[in-house]
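A.B. asks: With the sequence up front, the predicted model follows.
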Amino acid sequence: MTSTTGTTAMTAATTAAVALDGITRTYRSRAGDVAALRGVTQTFRAGSFTAVMGPSGSGKSTLLQIAAGLDRPTRGEVVVGGTPLGRLGETALTRLRGTSMGFVFQAYNLLDALTAFDNVALPVRLAGGAVDPARVHAALAQVGLAEQARRRPPELSGGQQQRVAIARALHARPAVLFADEPTGALDRASGRQVLELLRDASVRHGQTVVMVTHDPLAASYAESVLFLADGLVVGRLEHADAGRIAAAMNELER
Amino acid sequence: MSTGIALSRPMVRQNLRLYAGAFVALCFGVVLIGGAVTMTGAVDATAGRAGVTPAQRAQLEGLASMFGTMSAIAVFLAMFVVASTFAFVVAARRRELGLLRLVGATPRQVRRTVLGESLVVAGLATVAGCVLTTVAAPVLVAAVRRFGVTDLRLDLPDPWLAWAVSLPCGAGVALVGSWRASKRASRVPPLAALQEATLERRRPGFWQVVVGTTCLVGVAASAAVAHAMDPLFALLTAILLPEVAVTGLVCFGAVLFPALAGRLATPFVRPDVTARLARDQLRTSARTPASIAAPILAISAIAGSLILAIGFTADWTTAIDRELLKAPLVVETGGDPSVAARLSSADGLAAVDPHVTVDVGLGAEGEREPVEVVDVGVARRVRGLRAVRGDLGRLGRDGVAVTETYATDSGVGLGDRLRIRRAGGVVRPRVVAVVPEAPDLYAEVLVPRALLGDAARAAVPDVVFVVPRPGTDVTAIVAGTPARVLAADDWLDAVDDRTRAANEVGLWVLLGPAGLYAGIAIVNAVLMGSTQRRRQLRTVALLGATRRQRRRTAMWEAGLVGVAALAVGGVVTAYVGWLVRSAIVRQVPDAALTVPWLPLAAVLAVCLGLTLVAAAVGARGERDQP
């Protein structure tokens, strides 16, 4: 495992899809302040597929949420596609998310009221754009759901719902795709399909994928794996197989 | 069409269960408002009908003011209930709204979506409410007659009258209610989509703190001026103050009710695990307890205060009557003109004072109202007539007296001229004296016999106050007539009974529909709360809770909130009662004030009963399997 600390994130910001510079996030509670991230500096190169791993409570989901502008850091700066998020208001941040980012989460995050087609088309509609039905159908076909376009989420299986969420992320062709345990609720076959789709997004479409997972097999689909512990980046593996990743995790959790 | 509005329709369909609650709240709110408008219109239409006697017209005027108050209570309650229901809908959909934000909806778009949804529901509910009002109008009119509120057959106004008022009122109430909810919805962060569980925010918002504090300071200020309140002002305060207090308390409801309900659970927590579960859930939730408590607090405080204030007012008038009436005997004439003549000409009577009223046109508008024809000298000795301002000795062709209430209501003070239209033309005598209130002993305007001439001579007194000399048998004097001779105390008791019976009818009119609406709102809030709690109850079931235990938990939860809301409503009622009581006792120190425990207990029992039944029904909907 190679150590990654203090890389010159901001100098690389121009080529980076997402750059985190000295990110600290503390939460206040009655028991006192809790630090979820402690000065993390990290760059996610454009077109890369990175898995973020770490023991429970290591800060991996917080890192993802802050990188996506869903949460604000206590200290530090996040730059997405050359735009510093700290200076953006809520509406501007929302617009940036709508145009530059896509999300795939463990809980499929679809609106039950809308059909699969409408769920995929929603971000474009919200951004005020015209929906091209052919592109929406193409996105659904890409995830193998061409026939399910008119179904609503409750009428789909868990794997199918997750693939609709990916189709939504693919349809808008965002520069960065954030995924948090995307295979956590899926069976092995559905999980593999989802991971291949994410790898395709990176390799074939040049999208940057940042995926939080606890599953070494899922992480092995990524080209690099980032390890977090106690709110700090403590290591990195490149092109590692599931066995090496599992061994690194065991070492961390020891 | 904007994306926000376009999204509204499928979202409403998706959240049909939640919106059914909002629909019911608004629909019946519109029926309540429409019903009040229909009745006011019916009274107005009937008053203009030929052949209505002055007494019936006076009865209709009383009814009109009652329906006016009822309309105000209706709008207040509807606004409350609808606002709390829409807030509930937003709280229950936090995750879904967060998801919308996550996939790119701006706060403004979320706000428009929620407002759009509210418009869809409000439109349907308002129209349904208007249709229901039209259908229910004949039933309402029949009910008013059946309850003995009036002996007239009321004419139904055109249905468009209720529609014209209810439609904009319904839309307004829905918009006011949903405006805050949509604002709150727009503040839901995208992160909410990823949170399985969140602790509900309890801290009131800025405007809630401002409005709540202002209202509660206003209520506290009323205590400071309590020493200067006369009974009539206190009665007016009793109608308005509960609304102010309720508004203030509900602003802090998310903090107040969970804390109070949790504390009330303390004695039951050790022996009963379901009570402990209920207490723990209450301590961490805010929206459900606040929504259940709002209608219970509103109706218990408003109804309790009105019941107490009206009961105390009856005590007050009876106490005044007893204090002022000097005659030991009262003769009810039964409408026989010869009774007063016989008494006046009989020997053995120290004083004979007939209670004579004549209907005249009063004031600039010439409204028909009764005036009292008095012989000041006799009335002083028999009815304790005295002036609080001015000089009763100046009562004559150019001088009349008015009661303090009349002076306050009409703005006619000492020295002002009062326009009186009577047979033979208009006269404009001056007000030369202001007398205390004694509604059962004399009318609000007192004139000498000379002012009304023939009309006064032709009028038949309903009662004659008599002071006999020792040994005189008054019954023998009126023998052969329908007259009844009563001891003054018995007559006062009978008048008191009649007043209380009329008050009871008035309370039914004022509070019946509002109470029914509050009942619907209570059931609605409890059922919506049970929908929201479903996930947690399933978890509890997974951990081994039986169906009975889950039902008991739901009932404890709703029951504790109900008792907390009733306790706060009781405090408001007690405070208002204290205000009215201290004003009355200051004027009539010997007044015996009775607390109408039965109606108060009925309000309490109905609120609590509805809450528990709704909780039991809500819990029945739970499936056996987690």
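C.D. replies: That came in fine, so what should we check first?
A.B. asks: Report how many residues lie close to residue 225.
C.D. replies: As the question left the chain open, I've gone with chain A. Applying other CB atoms under 10 Å in any protein chain shown, we find 25 residues neighbouring A:V225. Bear in mind the C-beta positions are built from the backbone N, C-alpha and C, glycine included.
A.B. asks: that answer is for a different chain, and I need it for chain B
C.D. replies: 11.
A.B. asks: Could you tell me how far it is located from B:A234?
C.D. replies: Using CB to CB, to the nearest Å, B:V225 is found at 10 Å from B:A234.
A.B. asks: cool, and B:P468?
C.D. replies: 38 Å.
A.B. asks: just the strands in the stretch 201-350 of chain B please.
C.D. replies: Under the criterion DSSP state E, counting those that start in this stretch, the stretch 201-350 of chain B contains strands at B:329-332, B:349-362.
A.B. asks: sorry, back to before: give me the more crowded residue out of B:P468 and B:A234.
C.D. replies: B:A234 (26 against 20).
A.B. asks: Look up the closest residue to that one, ignoring the ones flanking it.
C.D. replies: B:A583 (3.7 Å; CB to CB, 6 or more residues apart in numbering or on different chains).
A.B. asks: Show me what from chain A comes close to chain B.
C.D. replies: With CB under 8 Å from any CB of the partner chain as the criterion, chain A meets chain B at residues A:61, A:65, A:70-71, A:90-91, A:94-95, A:97-98, A:103, A:105, A:107, A:109-114, A:118, A:122-123, A:125-128, A:168, A:180.
A.B. asks: Mind giving me the PyMOL select for the residues you listed, buried ones only?
C.D. replies: In PyMOL, a selection of the buried entries from those looks like this (16 or more other CB atoms under 10 Å in any protein chain shown):
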select buried, chain A and resi 61+65+70+71+90+94+95+97+98+103+105+107+109+110+111+112+113+114+118+122+123+125+126+127+168+180
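A.B. asks: What is the burial count for the closest residue to chain A within the stretch 51-200 of chain B?
C.D. replies: The nearest approach of the stretch 51-200 of chain B to chain A comes at B:G104, 3.0 Å away (CB to the nearest CB). B:G104 has 26 neighbouring residues, counting by other CB under 10 Å.
A.B. asks: need the contact list for the nearest residue to it once chain neighbours are set aside.
C.D. replies: Of all residues not flanking B:G104 in the chain, A:G98 sits nearest, at 3.0 Å (CB to CB, 6+ apart). By CB atoms under 8 Å, 6 or more residues apart in numbering or on different chains, the contact set of A:G98 is A:123, A:126-127, A:172, B:103-104.
A.B. asks: Kindly recompute the last result at 10 Å.
C.D. replies: A:G98 makes contact with A:122-124, A:126-129, A:172, A:174, B:102-106, according to CB atoms under 10 Å, 6 or more residues apart in numbering or on different chains.
A.B. asks: hang on, it in a helix?
C.D. replies: Yes - using DSSP: H, G, I helix; E, B strand; the rest coil, the assignment for A:G98 is a helix.
A.B. asks: tell me the pLDDT at it?
C.D. replies: On pLDDT, A:G98 comes in at 79.
A.B. asks: same deal with the one 4 residues further on?
C.D. replies: According to the prediction, A:G102 has pLDDT 86.
A.B. asks: what is the mean pLDDT for the helix or strand hosting A:Q193?
C.D. replies: Using DSSP states H and E, A:Q193 maps to helix A:188-203. Helix A:188-203 shows a mean pLDDT of 87.
A.B. asks: buried residues in it?
C.D. replies: A:190-191, A:193-195, A:197-202.
A.B. asks: Sketch out the helices for the stretch 351-500 of chain B, chain order is fine.
C.D. replies: B:376-382, B:404-410, B:449-452, B:454-458, B:474-477, B:488-532 (DSSP state H, counting those that start in this stretch).
A.B. asks: okay, now residue 253: neighbour count?
C.D. replies: If you meant another chain, say so; for now it's chain A. Neighbours around A:E253, by other CB under 10 Å: 11.
A.B. asks: please go with chain B instead
C.D. replies: Neighbours of B:G253 (other CB under 10 Å): 26.
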